[in-house]
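Predicted structure and sequence below. I'll ask about it afterward.
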Amino acid sequence: MTTRRRNTPRVLYHMVRADFLERVRRYSFLLTLAFAVYLGYAAFSGGIIMRLDEYRGIYNSAWLGSLMGLVGSLFLSLVGFYIVKNSIQRDQDTRVGSVLATTPMSKTFYTLAKTASNFAVLASMVLVMAAATLLMQFLRAEDPHIDFCALLSPLVFLGLPTMAFTAALAVFFETLPVLRSGMGNIIFFFVWTALLVAPATQVFDRNGPVPTTGYLADFSGIVSTLGQMQAQVRRTDPAYNGGASLTLGDTQAPPAKRIVWTGLQWRPALILGRIAWSALAVVVALLASIFFHRFDPAREWGRSKKSKPPATAAPETEMQPERIATAQSSAAHLSPLPQTSRGIPFLRLVAAELRLMLKGKRWWWYIVAAGLSIAGLLAPMDAARGGVLVAAWVWPILVWSPMGSREARHSTGSLIFSSARALSRQLPAVWCAGVLVAILAGGGVGLRLLLAGDGHGFAAWLAGALFIPSMALALGVWSGSSKAFEAIYIVWWYLGPAHHTPGLDFMGATPASSTPATYALAAVVLLAVAYWGRRARLGYA
Amino acid sequence: MHLSIESVSKRYGRGTWALRNFTLHLGPGVLGLLGPNGAGKTTLMTILATITRATEGRVAWNDADLAANPDALRSTLGYLPQDFGVYPNLNAVEFLEYLAAVKGLDAGASKKRIDELLNLVNLTDVRKRPLGGYSGGMKQRIGIAQALLNDPQLLIVDEPTAGLDPEERVRFRNLLSELSGERIVILSTHIVSDVEATATDIALISQGTLVAHASPEALLQKVEGKVWEWVLPSADLNAARQRYLISNTARPSDGVHARLLGDAPPNGAQPVIPNLEDAYLYCLSQHRAGLVQPGHLPSGAAQ
C-alpha cells in the first residue's frame, strides 16, 4: 500500500478558499462589507476625524491613506475580531470538523489555515476601505493628484499586520474553552483596549519623537502615524502642544488650520514593528494549535466540569429474544391532561425562562451577584450608583446575551415555535426574565433610590433595567447570536456608564449623565424591534 | 378530527419547488410518509407543524385554516423534527418541564406526565443527567417524549427512529401503534419496515408530488404478480441491473438470487410474495417513467 503525498500549499489554498466562500456567501458578510463602507463614509463626511489640535491635513493621498489605514486598523481590529471568531465553531456546528479530524491534517496546519481564512475576510474589508479611500479623494477634491503609494501603503502595511494579528487572536480565543464563550468576547475588549492604550500612553506623554520601542509595540499603527504627524506640526508651529486624536462621532468644530502631510516615513523600526506583529500572528496561531481540541467530543465536553461525558449509544446489534419481549411489552400508560391549566401559565413560563437563563451558573457567580446587590444597598449613594451598579449590571452580561438567540444556538426553535402562542407568550416571557435578572442584580441600588425618594434616579435605574434586556433580546433575535450583544454592550458599558458619559449612560450612574426618558423609549423601541424580528422569522405569526 | 392538505405547494425563495400541488385528507390513524431523499417530506412536515407557510394552497385542521389560525393546531400538536437540539445544561426533567411551560400545560399534571413519558422512553435512570451528556439515541428519545407532552391529537414525527437501537425502535413502533387510535399520526421515514409495522395508510411522495396514497394492502396488491426471484451467475448481475429493477440480491452457493420487479420477467424467474419495499420501489419507478398519475391508485386506495 502506498502513501499519497500531500500537496501542502494546495490543501491550505482549498481550506482557506472553502472557508472564505462559505462566509462571503452569507448575508451577514454583506453587513460586514457595509460596515467597511460606513467607515469610509464616516471619514468622508467628518464623522471620523483625525486632528492635531487645530490642525488637520489637506485631503491628499497621504493624509487619506493614513487616516483610513488607522481607521481600518483600529475599528476593524475590534469589530473584525467578533466577525471572524467563529471559524472553528462553524466547523463544529456543520460537523465538517469531524471529517477534517479524520484526515492527516495536523493541528498546527489547521489553526494556521483558520488564521489565514480569518485574515482573508478581514483583508477583504481592508480592500473595500482602500476603494473607499480612492473615491474619497476624488470627492473631497482638495488635492487631485493621486499618489497610490502614499494612499495604499498605510492600509497595506499598517492595516494588514493588525488584521493578521486579530485573525490569529480570534483562532486562539476559539481554542481555549474559557475564551471561546461569551467571556472571551468580553475579555477581548479589554485586551484590545490595552493593546491600543499601552503604547499610546508611552508615546503621547512625551513631547519628542517616537522611540523605537513605541514603533515596535504599536499594534494598530496609531502611535507611529500620529507620532510622525506631531513631529511635522511641531516643525512648522512651535506653539503646537502635541495634542492628537482620531475620533468617531466628533462633535467639536472642525480644525481651522491645515498641514500638508507628506506621508509616513517607513523607518526601520516601523517596518520591523509591522513585521513583528505579522510574525506574532503566526506565533499566536501556532500557540492556538496546542490548545486546539481537534473536534474531540471528550475534550469539547470538558467545558462543563459537573457533567459526565456522553453515554455510549447502544450498538446496532442483533437483539436477544428477551430484550425484544421487554420492548414489545412497553405499553403507553399516559395520564390524561386537564383541559385547563391551574395558576397563570405565563408566570410559569417566565419562571421557566429565568431558570433556563441561570442554569449552569456556579455558586460563586451567585455570591458575587448577591454581594453586588447588597453592596448597592449599603454603599454611599454616589458610589452605589456610579460604581456598584455599574459592576452589578455588567456581571450578568452572559445571562442576558443568549436572549433571543438561544433557540437558534441550540436548534430548539422547531420545538418551541410549533407551540401555541409562541410569539405572544414565549418572547415576552424571555424579556420579563431578563428584566427580573436586572432588577435582582441591581436591586440594592434601586431600593436605595426608592427609599431616598430620588424619583429621577429611580426612573434612570428602571429605564436601565428595561433597556438592557430589550437590547439583548433585539440583538439576539436579529443576529441569531449572543456575540453582537456581548460586543456592543461591553463597549457601550465602558464608554457610557463606566465613564459617566452623558447620553451614553443608560444606567444613570450619575444624576448628570442619566437620561431615563431616552432609554425608556429605547427599551420600548428595541422590544418592538425584537417582536418584529421574531415575527418575521416565524412562518406563522 | 381531520387534517386537510389542499393543493399545497412550497417554493424556497425563487428557487426550486420543494412541494407541488400536494393534496391529502387525513383522519385518525398512522400515515406512513415514504419517499426518497429530497422528495419534499420534511418540507411537508414543517408546513403541517406550522414552522413554515405554504407558498400556495391551504392546510386546515378541523376546518380551521392554519394560515389564519395556526394556534388551533399548535395547542394540540406534537412534533418531533428530523433535526433538533436540546439545552445541554438542563437535565431531562428540567427540559421537559420547560417545554411543558412553553406549551402552557398545567404544572401538576405535566410533572406526572413527564415521569410517565421518561419511563415510556426508557430514560428514567438518566433523568437527572444533563442533556449535553446524552448520546444521539437518548436525545432522540427525549424528542419523542416532548412530542407527547401535551397529549397531541396530531403527532408529526420526522425520521423518529434515526439513531435508535433495535430495542428502542421496536418500543417506539409499538408506542406509535398504541397511540394511533384516537389521533392522527404522520410518520415520515426512509425505513420501510417502520412503516410496515405501524402504518394504516401510506403516502408515497417523490419530487414534491404525491405518487400514491393507499392502504398497505392496496399498495401490495399493486405489485402482486410483479415480483420475481431470479438465480443468475454473478458475472451477469451488472447486465441484469441495466434491464430490470432489482430490489435486493443474495449470494448463496448456487449463484446470485436477485429479487426483481417488472411485468415481464426473464426466463427462469419465479414469482415471490411482494413486500412493501417492492411496492415502494415499483411505484417510484412507475412515477419516474411517467406511467402513474400522482395520487391515483385504482383499487383499495385509502380515503
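Thanks, I have it.

Distance-wise, check residue A:507 relative to chain B.
29 Å (Cβ to the nearest Cβ, to the nearest Å). For the C-beta atoms, the positions are set from N, CA and C on the backbone; glycine is no exception.

helix/strand/coil for that residue?
coil (DSSP: H, G, I helix; E, B strand; the rest coil).

Now do the contacts for it.
Taking Cβ atoms under 8 Å, 6 or more residues apart in numbering or on different chains, we find residue A:507 in contact with A:385, A:389-390, A:393, A:442, A:460-461, A:464, A:496-497, A:514.

of the residues you listed, closest to residue A:102?
Nearest to residue A:102 out of these is residue A:393 (Cβ to Cβ; 45.8 Å).

how far away is the closest residue to the closest one other than its chain neighbours from residue A:376?
What sits nearest to residue A:393 in space, not counting adjacent residues and going by Cβ to Cβ, 6 or more residues apart in numbering or on different chains, is residue A:442, at 5.4 Å. Separation of residue A:442 from residue A:376 (Cβ to Cβ, to the nearest Å): 6 Å.

Mind checking which of these two has more residues around it?
The residue with more neighbours, out of residue A:442 and residue A:376, is residue A:442; 30 against 27, by other Cβ atoms under 10 Å in any protein chain shown.

And the chain, what are its domain boundaries?
Unless you meant another one, I'm taking chain A. Chain A is divided into the following domains under automatic domain parsing: A:8-301, A:345-537.

other chain: chain B
Chain B breaks down into these domains under automatic domain parsing: B:3-213, B:225-273.

what's the weakest-modelled helix or strand in the chain?
No chain specified, so I'll use chain A. helix A:321-328 (a mean of 48; mean pLDDT, DSSP states H and E).

my question was about chain B
Using mean pLDDT, DSSP H and E, helix B:166-179 stands out as the lowest-scoring helix or strand of chain B, at a mean of 83.

so what secondary structure elements neighbour that helix?
When contacts are defined as 3 or more Cβ pairs under 8 Å, 6 or more residues apart in numbering or on different chains; DSSP states H and E, helix B:166-179 sits against helix A:321-328, helix B:136-147, strand B:184-189, helix B:192-198.

Could you tell me which residues make contact with the nearest residue to residue B:25 once chain neighbours are set aside?
Distances taken as Cβ to Cβ, 6+ apart place residue B:4 nearest to residue B:25, at 5.3 Å, with adjacent residues excluded. For residue B:4, the contacting residues are B:24-26, B:58-60, B:63, by Cβ under 8 Å, 6+ apart.

Check residue A:172 too.
A:179, A:284-285, A:287-288, A:291.

Kindly state the pLDDT recorded for it?
What the model reports as pLDDT for residue A:172 is 97.

Strands of chain A, start to end?
Along chain A, the segments classed as strands by DSSP state E run A:48-51, A:55-57, A:245-248, A:257-259.

Going along the chain, name the strands of the stretch 201-303 of chain B.
Using DSSP state E, counting those that start in this stretch, the strands of the stretch 201-303 of chain B run over B:201-206, B:209-214, B:227-232, B:245-250, B:256-261, B:270-271.

Neighbouring strands - and their directions - for the last one?
Based on DSSP bridges, the pairing partners of strand B:270-271 within the sheet are strand B:227-232 (antiparallel).

Same question for the strand it pairs with: list its buried residues.
B:227-230, B:232 (16 or more other Cβ atoms under 10 Å in any protein chain shown).
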